[in-house]
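The amino acid sequence is not available; the structure is as follows:
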């Protein structure tokens with residue numbers, strides 16, 4: 001059993017700026033989202049006889065989120081670089097508008113889902129998926145992971161055997177998290193009934 005969380009909203013999220021492996025702080029809304037996710041998670045694992053390990057991307061926004069979670073659930077924690085966001089290299093920290101202006105033509109033919117992998121010096125889709133697969137294969141017990149939007153899509157997609165397109169089109173909410181079990185995943189959120197998704 002893996003519970004996969006995305007960090008709360010950041011300043012750059014609110015500005016439409018792709019962070020990659022750069023950082024910006026959680027907004028007030030992001031702090032509220034992290035607190036809400038922690039309460040939902042506590043409800044999910046309450047009464048479990050199994051001990052959960054918390055794995056956290058070492059980037060600042062995930063560590064901020066983890067600190068909020070640990071106020072409610074004091075889990076044993078391990079920083080894991082494999083959970084870091086996909087990097088777009090020199091595009092990290094930019095908006096698509098800025099990229100289009102500074103790198104004319106590089107986004108031609110791309111859409112809202114696949115542009116991340118058009119960067120000339122960023123991480124490739126295959127390399128990022130290999131990183132996700134490596135992380136999943138190393139999990140040998142109940143786990144909670146705090147990662148990122150794009151990389152969280154890949155973790156879910158690799159876990160459930162989805163195609164590249166299916167992975168990239170997965171939703172990335174910040175007001176809930178995903179339960180991964182038996183090669184399927186479902187959303188746990190206060191604002192909606194759990195939605196089951198499988199391969």
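Received the coordinates, thanks. Here the structure is a predicted model, which means the values were calculated and not measured.

correct me, but residue 172 touches residue 6?
Yes - using CB atoms under 8 Å, residue 172 makes contact with residue 6 at a distance of 6.0 Å. All C-beta spots, glycine's among them, are computed from the backbone N, C-alpha and C.

Pick out whichever of the two has more residues nearby.
Higher neighbour count among residue 172 and residue 6: residue 6, with 28 against 13, using other CB atoms under 10 Å.

what pairs with the more buried one across the strands?
Here residue 6 sits in beta bridges with residue 147, going by DSSP bridges.

which ones are touching it?
Going by CB atoms under 8 Å, 6 or more residues apart in numbering, residue 6 touches 146, 147, 148, 149, 152, 172, 173, 174, 177.

Please settle this for me: is residue 188 part of a strand?
Yes - going by DSSP: H, G, I helix; E, B strand; the rest coil, the assignment for residue 188 places it inside a strand.

Next one: the residue nearest the centre of the chain, what pLDDT does it get?
In the chain, the centroid-proximal residue (CA atoms, centre = their mean) is residue 148; its distance is 2.5 Å. pLDDT, residue 148: 97.

What's the local residue count around the closest residue to it other than its chain neighbours?
Spatially, and ignoring its direct neighbours in sequence, residue 148 is nearest to residue 85 (3.8 Å; CB to CB, 6 or more residues apart in numbering). Look at residue 85: counted by other CB under 10 Å, it has 26 neighbours.

Report the contact partners of residue 85.
Here residue 85 is in contact with 19, 20, 21, 57, 59, 147, 148, 149, 150, 151 (CB under 8 Å, 6+ apart).

repeat that with 10 Å
Residue 85 makes contact with 7, 18-23, 57, 59, 61-62, 92, 116, 123, 128, 147-152, according to CB atoms under 10 Å, 6 or more residues apart in numbering.

Which of those residues fall within helices?
61, 62, 128, 149, 150, 151, 152 (DSSP state H).

And the spatially closest residue to the fifth one that is not a sequence neighbour, how close does it get to residue 119?
Spatial nearest neighbour of residue 150, chain neighbours left out: residue 86 (4.8 Å); criterion: CB to CB, 6+ apart. Distance from residue 86 to residue 119, counting by CB to CB, to the nearest Å: 10 Å.

who's more crowded, those two?
Applying other CB under 10 Å to residue 86 and residue 119 shows that residue 86 carries more neighbours, namely 26 against 23.

Just give the closest residue to residue 17, not the sequence neighbours.
Setting aside the residues directly before and after it, residue 17 is nearest to residue 95 in space (CB to CB, 6+ apart), at 5.2 Å.
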